[in-house]
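Novice: structure for this input, please:
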Amino acid sequence: MGISIWQILIIAVVVVLLFGRGKISDLMGDVAKGIKSFKKGMAEDDVADSPKTIDHKSSETASSVNAEDQTKAS
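Specialist: Next up is the predicted model:
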């Protein structure tokens with residue numbers, strides 16, 4: 001004695017009548033936004049955990065710019 005298709009349809013109709021289609025679609029939209037933000041957060045964690053590669057040319061340029069700034073400030 002499982003749940004038949006007719007019982008599921010009756011429950012679905014009652015839920016739609018109680019909450020309305022607008023509320024249900026808003027709820028599903030909120031669930032989708034939550035899933036997207038969760039995936040984005042997980043992707044940001046993966047990027048933060050990965051080792052960063054250092055470009056030696058850019059670090060040399062940055063250090064020479066910092067040295068020039070320090071001499072100008074003096």
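Novice: quick one: low-confidence parts of this protein?
Specialist: The chain contains residues with pLDDT under 70 at 1, 49-74.
Novice: max-length helix in it?
Specialist: Scanning the chain for the helix with the most residues, using DSSP state H, yields helix 5-49.
Novice: neighbours of I24, how many?
Specialist: Look at I24: counted by other C-beta atoms under 10 Å, it has 13 neighbours. Placement of C-beta: from N, CA and C, glycine included.
Novice: kindly report the same for S37.
Specialist: Using other C-beta under 10 Å, S37 is surrounded by 10 other residues.
Novice: can you check V31 too?
Specialist: Applying other C-beta under 10 Å, we find 10 residues neighbouring V31.
Novice: go on, the one 10 residues further on?
Specialist: Taking other C-beta under 10 Å as the neighbour definition, G41 ends up with a count of 10.
Novice: measure it to A32 for me?
Specialist: Here the criterion is C-beta to C-beta, to the nearest Å. By it, G41 lies 15 Å from A32.
Novice: about what we covered before: who does the longest helix of the chain touch, helix- and strand-wise?
Specialist: Using 3 or more C-beta pairs under 8 Å, 6 or more residues apart in numbering; DSSP states H and E, no helix or strand is in contact with helix 5-49.
Novice: now do the same contact list for W6.
Specialist: Listed by C-beta atoms under 8 Å, 6 or more residues apart in numbering, W6 has no contact partners.
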